[in-house]
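Engineer: Attaching a predicted model along with its sequence, questions to come.
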Amino acid sequence: MKNKYKLLFLILLLICGSILIYSFFEWYIVDVQTTGVDFKVLGKNRAGFNLDVDALHFGIIPPQGGAQRGIILINNHEFPVFLNIRAKGNASDYLSVEKNNFVLDANSTKSILFFIELPEDINYGIYNGTVTIFSKRALWRAVDI
């Protein structure tokens, strides 16, 4: 009989723990946005623009060249959000972001730039990947000194 109560207690504890964890992440993680990133390397004297806005298109970039694209981040919530930006794919080896891991105040916007900088010995080809922006409730507010 004791084993039956122990098992019932463990099941109840597991259910309560699962609900607590789910509730925390449902409350904590506000949004996740993913967009594509791409650029082409076609030759030393070849450059071109791609101004489409459906992804972070950097166009055609020559070796030792660079490009930048900007996005506007909007926080429509009544609370500040912590933003974390992550990149994946072979384009991410050359991608950097102006600002990462920061708090965006409630009902505010911020423009940030993404940069591609290429070395001289990069292989010709098409490079692509993704950028994912995680928005989480800011549990603290850093103060610049």
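Structural biologist: Looks like it arrived, so ask away.

Engineer: Please count neighbours and contacts with C-alpha atoms only from this point.
Structural biologist: Will do.

Engineer: I'd like to know how many residues surround Gly65.
Structural biologist: 16 (other Cα atoms under 10 Å).

Engineer: likewise Ala55?
Structural biologist: Applying other Cα under 10 Å, we find 15 residues neighbouring Ala55.

Engineer: same check, this time on Ile60
Structural biologist: By the criterion of other Cα under 10 Å, Ile60 has 22 neighbours.

Engineer: swap in Leu83?
Structural biologist: Look at Leu83: counted by other Cα under 10 Å, it has 20 neighbours.

Engineer: wait, isn't it in contact with Ile112?
Structural biologist: No. The criterion here is Cα atoms under 8 Å, and Leu83 misses it with Ile112 at 11.7 Å.

Engineer: how about the strands in this protein?
Structural biologist: Counting by DSSP state E, the chain has these strands, from start to end: 29-41, 56-60, 66-75, 81-89, 95-97, 102-104, 108-117, 125-137.

Engineer: Run the chain-centre distance for the second one.
Structural biologist: Going back to what we said before, that points to strand 56-60. Its chain's C-alpha centre and that of strand 56-60 lie 18 Å apart, by Cα atoms, centre = their mean, to the nearest Å.

Engineer: which residues make contact with it from outside it?
Structural biologist: Identification of contacts with strand 56-60 by Cα atoms under 8 Å, 6 or more residues apart in numbering yields 35-42, 46-51, 67-69, 116.

Engineer: Point out the most buried one among the strands of the chain.
Structural biologist: Counting by mean count of other Cα atoms under 10 Å, strand 56-60 has the highest mean neighbour count of the strands of the chain, with a mean of 21.

Engineer: can you give me the mean pLDDT across that strand?
Structural biologist: Average pLDDT, strand 56-60: 93.

Engineer: okay, the angle between that strand and strand 29-41?
Structural biologist: In terms of direction (axes from the mean of the first three to the mean of the last three Cα atoms, to 10 degrees), strand 56-60 departs from strand 29-41 by 10 degrees.

Engineer: okay, the angle between strand 56-60 and strand 108-117?
Structural biologist: 30 degrees.
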